[in-house]
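>>> Any chance you can model this:
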Amino acid sequence: MTLLPERALPPEVAERMGPFYVYALVDPRDDAVFYVGKGTGQRLLSHGREALLRADSGPRSDKVARIREIRCSGHEPRIDIVRHGIEEAEAFLIEAALIDCLDDLSNAVAGHDTDQGRSQLAELAARYGAQPVDPGAPPVVLIRLGTWRDEVIEIEPGVVRIGNGYKEGITPDELADATRAWWRISPSRIRREGIRHAVAVHEGVTRGVVAIGDWIQREDGRRAFAATPLTEGTIFEEWVGTLGRRVEFSSGSQNPISYWSPE
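Numbering: from 1, shown residues only. This is a model prediction of the structure:
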């Protein structure tokens, strides 16, 4: 039986499914899950009504577009109940876990408590196991990276990078390119303090170290430098090692550039 959006879920069914449930919208043409949600009562039927209301006007989300595509092919989206008869906190966790593990979903936002969501074991080991950097570690410039963004940016003539920031599974070359450009940074201070290396930091943990080469300056004054990734040696072990090193920054500091000198 297919529940069309104009039909109501019988109250006795909704009551037995509650107080909360987690459901999936499924494309019957290939049994692919394309949306995951949590709900209570009639919530799971609202998507079909939304698709009808936006059939000819208003913005269409990827979810609505998929529903309309399915209907244009002569089918109706299938609704599968993943878990029911659960409390809201459980529903949040199940929904988030499904969003983490299913590909090509049309959900506009990530699941609940994303900081505890799907991660590579190596990433969790670094997040929870990194030890503080030794106060006497060699001088470096610390460069804080945000979350990875896909973007093609030219670093120098004929050389582009495909993204910026940090992501799980980042390659040494991707990390080096994200670390080396473009910053408001002082080459003269770096030379004056005897700094020869830059260390990439994400969420307070060092992720990689590069040797600083020649400098490039853009018209807006921002600078980049040639960067050679290091994966072994004294500097690498003192600043990154197996799990990375934890680095503390001043509270409220927004500047991604910090100059480290041994205490």
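>>> How about the contacts made by Ala125?
Contacts were defined as CB atoms under 8 Å, 6 or more residues apart in numbering; by that measure Ala125 touches Leu243. (C-beta placed from N, C-alpha, C; glycine too.)
>>> Confirm that it sits in a helix.
Yes - Ala125 sits within a helix when classified using DSSP: H, G, I helix; E, B strand; the rest coil.
>>> can you tell me how far it sits from Val199?
Distance from Ala125 to Val199, counting by CB to CB, to the nearest Å: 19 Å.
>>> can I assume Ile185 is in contact with Gln217?
No - Ile185 is not in contact with Gln217 according to CB atoms under 8 Å; the separation is 10.1 Å.
>>> quick one: the helices in the stretch 101-250 of the chain?
Defined through DSSP state H, counting those that start in this stretch, the helices belonging to the stretch 101-250 of the chain, from first to last, are 121-129, 172-180, 187-192, 234-239.
>>> ok, of those helices, where does mean pLDDT dip lowest?
Lowest mean pLDDT of the helices of the stretch 101-250 of the chain: helix 121-129, a mean of 81.
>>> And that helix, what's buried?
Counting neighbours by 16 or more other CB atoms under 10 Å, one finds that the buried residues in helix 121-129 are Glu123, Ala126, Arg127.
>>> Next: stretch 170-189.
Buried, per 16+ other CB under 10 Å, within stretch 170-189: Ile170, Glu174, Leu175, Ala176, Asp177, Ala178, Thr179, Arg180, Ala181, Trp182, Trp183, Ile185.
>>> try stretch 244-259
Neighbour-count burial for stretch 244-259, counted by 16+ other CB under 10 Å, picks out Gly244, Arg245, Arg246, Val247, Ser258.
>>> Same check on stretch 190-203?
Applying 16+ other CB under 10 Å to stretch 190-203 flags Ile190, Ile195, His197, Ala198, Val199, Ala200, Val201, His202, Glu203 as buried.
>>> so the second one makes contact with Leu142?
Put plainly, it is Ile195. No - taking contacts as CB under 8 Å, Ile195 lies outside contact range of Leu142: 10.2 Å.
>>> Between those two, which contacts overlap?
When contacts are counted by CB under 8 Å, 6+ apart, Ile195 and Leu142 have Tyr259 as shared neighbours.
>>> Could you look up the SS state of Ile99?
helix.
>>> Test my guess that it contacts Asn107.
Yes - with contact defined as CB under 8 Å, Ile99 counts as touching Asn107 (5.8 Å).
>>> So which of these two has more stuff around it?
Ile99 (20 against 17; other CB atoms under 10 Å).
>>> what's the burial count for Arg71?
Applying other CB under 10 Å, we find 15 residues neighbouring Arg71.
>>> and what of Tyr23?
Neighbour number of Tyr23 under other CB under 10 Å is 24.
>>> For the host helix or strand of it, buried residues please.
Using DSSP states H and E, the element containing Tyr23 is strand 20-27. Within strand 20-27, the residues scored as buried using 16+ other CB under 10 Å are Phe20, Tyr21, Val22, Tyr23, Ala24, Leu25, Val26, Asp27.
>>> swap in stretch 140-148?
Buried positions in stretch 140-148, judged by neighbour count with 16+ other CB under 10 Å: Val140, Val141, Leu142, Ile143, Arg144, Leu145, Trp148.
>>> Good, wrapping up.
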